[in-house]
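In: Here is my input, please return the structure:
(one chain, ligands or ions: 1)
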Amino acid sequence: MYGSIPTDPVEAERKEPVATDYDEIRSDVAESRNASLEALKSANAPDARSVVREMDEADTTDGIELPGADLSGEELTVVVIPQAEDEFTCFSCFLVRHRSQIARESNGQAYCIECEG
Ligand SMILES: [Zn+2]
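Out: Sure thing, here's the model as predicted:
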């Protein structure tokens, strides 16, 4: 009975008065909605968990060996800008700034005044 809903207005008019047809369609829709809800519920939980796990892994990798390679997207163009001698790349926000804006430096990692507040 799926997919047999007429798109032709003449067809629709002819079928509309048939009550049994409507009941059939309605219960079909309700059933399939329940089914997809169940599917969503059981599919959602593992999804959310794996997303969290992925984020954890990304965080760890970032912190350990890829400090300048924040590939999350938006600031990619900023990262690529070549660094002049009087500039530094903030280790926290990865923006290239003038050295006068260094607020803190530790282990060769500089942080800008905005990130250090
Ligand atoms: Zn910063």
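
In: Domain boundaries for this structure, per the record?
Out: Split into domains by automatic domain parsing, the chain comes to 1-66, 68-117.

In: Residue 29 belongs to a helix, doesn't it?
Out: Yes - the assignment for residue 29 is a helix, going by DSSP: H, G, I helix; E, B strand; the rest coil.

In: For it, give its distance to the ion.
Out: Per Cβ to the ion, to the nearest Å, residue 29 is found 53 Å from the ion. (Glycine included, C-beta is placed from N, CA and C.)

In: thinking again about what came up before, comparing the domains of the chain by mean pLDDT, which bottoms out?
Out: Mean pLDDT per stretch puts domain 1-66 lowest among the domains of the chain, at a mean of 63.

In: got the contact list for residue 103?
Out: 111-113, 115-116 (Cβ atoms under 8 Å, 6 or more residues apart in numbering).

In: From these, list just the buried residues.
Out: 111-112, 115 (16 or more other Cβ atoms under 10 Å).

In: Rebuild those residues as TSV, extending it with distance to the ion and secondary structure.
Out: Formatted as TSV, these follow (distance: Cβ to the ion, whole Å; DSSP: H, G, I helix; E, B strand; the rest coil):
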residue	distance to the ion	secondary structure
111	6	strand
112	3	strand
115	3	helix
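
In: of those residues, closest to residue 90?
Out: Nearest to residue 90 out of these is residue 112 (Cβ to Cβ; 4.0 Å).
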